[in-house]
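**Student:** can't give you the sequence, but here's the structure:
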């Protein structure tokens with residue numbers, strides 16, 4: 001088997017597992033923050049939460065496939081391991097930055113909502 005094909009298989013399987021696990025965890029645990037923003041409206045909260053999860057999956061899987069385009073031709077197993085570590089590391093950093101960006105957005109929205117509530 002070509003080393004690049006083996007790298008693609010390992011990378012995509014690992015990436016899909018990481019993206020699924022992180023997304024599932026954020027979906028379950030982030031619901032309470034969205035519920036607070038939606039002022040207890042559960043149906044709206046679930047719709048927004050599911051939409052965010054779908055967008056998360058699409059964005060990150062698209063990014064993972066885009067990363068494959070940037071691979072060099074692998075010559076040996078050492079370059080395979082180095083390339084996998086590099087691309088998975090970048091993916092994890094992107095996931096972390098996306099998560100913290102979303103948390104900042106939720107925080108700012110909650111502050112805006114509290115300010116609007118106190119003014120009325």
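**Tutor:** Right, received. Where do you want to start? Note that the structure is a prediction, hence the values are computed from the model and not measured. Numbering: from 1, shown residues only.

**Student:** Just give me the residue right at the centre of this structure.
**Tutor:** With distances taken as CA atoms, centre = their mean, residue 95 lies nearest the centre of the chain, 4.5 Å away.

**Student:** dump the residue contacts of that residue.
**Tutor:** 18, 19, 22, 60 (CB atoms under 8 Å, 6 or more residues apart in numbering). For every residue, glycine as well, the C-beta is placed using N, CA and C.

**Student:** try 10 Å
**Tutor:** Counting by CB atoms under 10 Å, 6 or more residues apart in numbering, residue 95 touches 15, 18, 19, 22, 23, 26, 56, 60, 63.

**Student:** mind checking how far the closest residue in space to the third one that isn't next to it in sequence is from residue 85?
**Tutor:** Beyond its immediate neighbours in the sequence, the residue positioned closest to residue 19 (CB to CB, 6 or more residues apart in numbering) is residue 60, lying 4.7 Å away. Applying CB to CB, to the nearest Å, one obtains 18 Å for the distance of residue 60 from residue 85.
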